[in-house]
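S.K.: Whatever this is, show me its structure:
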Amino acid sequence: MHIFSPCFRLFRKTFVLWILLLLPLPSHAAKTTDFFAQSFEFNVMRSLGHEKYNVRVSHVIAEFLKKRNPKLPEKTAGEYAKYITDAGEEFGVDPFLIASILVKESTANWKAQSPKGAYGLMQIHWKAHKKSIRKAFGAIQTLEDLLEPQNNIRVGTYLFANNIRRFQDTDRALDRYLGAPRTSYKKTILDFYKSMSGIYLKRERES
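M.R.: This next block holds a predicted model:
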């Protein structure tokens, strides 16, 4: 957690408000591959850079996870939110985007398994990625390792970050993560993203 001086925090909040006022509103006729590029909230969060990896973001994520999965214990939601924020900072991915993918993929159920062999919170295809996962993460060598919530979130974020670097486009990275271009998938993730980021930015303006 990063600690900022009162003057710096005031500057940050003023800067956020300035961005909110100056950024153009997104077009409602956005192309399939432009959902995130034209998202008002996504561009505001991107303007915050490293500052978006903070405990306030984690709190919003925990609330959202609990809302989407009421059976999730509050403590577990908080732990998942911390894992998400930490993984986002580690691999340079917006934590609200990671949380949105996680909710869409598994509804925050760490035991989730698809008929196609995807596992865990981020629905990782173990057979397809196990060689690269074992190479990148020395402590993740088995499917059981992958199912551990913190490991699964880190691996999913790592794979998604690689997609972003490859395509330089969030929508195309989501297509790759899913394994096929699907408009409904991206729209749902964007809706989740806007819900969380909207709450966070509103709280920042009011604080």
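S.K.: avg pLDDT for the longest helix along the chain?
M.R.: Across the chain, the helix with the greatest residue count (assigned by DSSP state H) is helix 183-206. Averaged over helix 183-206, pLDDT sits at 97.
S.K.: give me the low-pLDDT residue ranges for the chain?
M.R.: 1-33 (pLDDT under 70).
S.K.: Could I get the full set of strands for it?
M.R.: Using DSSP state E, the strands of the chain run over residues 118-119, 124-125.
S.K.: list the contacts for residue 95?
M.R.: Taking CB atoms under 8 Å, 6 or more residues apart in numbering, we find residue 95 in contact with 52, 53, 57, 58, 61, 84, 85, 87, 88, 89. (C-beta placed from N, C-alpha, C; glycine too.)
S.K.: State the distance from it to residue 125.
M.R.: Separation of residue 95 from residue 125 (CB to CB, to the nearest Å): 23 Å.
S.K.: Summarise which helices and strands the longest helix of the chain is packed against.
M.R.: If contacts are counted by 3 or more CB pairs under 8 Å, 6 or more residues apart in numbering; DSSP states H and E, helix 183-206 sits against helix 6-22, helix 40-47, helix 55-68, helix 95-106, helix 170-178.
S.K.: Looking at the contacts of residue 95, which is nearest residue 106?
M.R.: Nearest to residue 106, judged by CB to CB, of those is residue 84 at 12.6 Å.
S.K.: one step back: ok, and the most crowded of the contacts of residue 95?
M.R.: Within the contacts of residue 95, most neighbours by other CB atoms under 10 Å means residue 84, with 32 neighbours.
S.K.: Could you verify my assumption that that one touches residue 61?
M.R.: Yes. The pair residue 84 / residue 61 is scored as a contact, 5.7 Å apart, by CB atoms under 8 Å.
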